[in-house]
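Novice: got a sequence here, can you model it:
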Amino acid sequence: MGNDRNQLLPVVPLIVSADSIRLDLSEYMKDLNIVEDEEKIIVMPKRFLGHKKFNSVSSLMEEMGGSYVSDGRKSHFIIKKKLSQ
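Specialist: Below is the predicted model of the structure:
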């Protein structure tokens with residue numbers, strides 16, 4: 001008998017949606033707008049978040065494969081959706 005612990009498990013891709021982001025960022029939703037289309041999800045602050053909130057939101061966005069786009073008052077986080085083939 002082989003050791004089942006040494007077998008690799010299949011990797012299941014993380015499905016990111018606007019709803020899952022709203023759930024993960026629920027404590028910050030009063031400060032954020034979230035827009036989703038077929039290609040991307042945009043998370044845009046409604047106001048200045050401050051250092052602590054910004055770092056929390058930024059960390060979560062990075063975990064989901066997102067990045068920050070610095071553009072003054074139009075700054076936002078973006079998560080590009082990867083379409084499976």
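Novice: buried residues, the host helix or strand of Phe77. List them.
Specialist: Using DSSP states H and E, Phe77 sits within strand 76-80. Within strand 76-80, the residues that count as buried by 16 or more other Cβ atoms under 10 Å are His76, Phe77, Ile78, Ile79. From N, CA and C alone the C-beta is placed, and that goes for glycine too.
Novice: ditto for stretch 34-51
Specialist: Ile34, Glu36, Ile41, Ile42, Val43, Pro45, Leu49.
Novice: among these, which ones are in strands?
Specialist: Judged by DSSP state E, these include Ile34, Glu36, Ile41, Ile42, Val43, Pro45 as members of strands.
Novice: leaving out sequence neighbours, find the closest residue to the fourth one.
Specialist: For Ile42, ignoring the flanking residues on the chain, the nearest one in space by Cβ to Cβ, 6 or more residues apart in numbering is Val35 at 4.8 Å.
Novice: no more questions from me, cheers.
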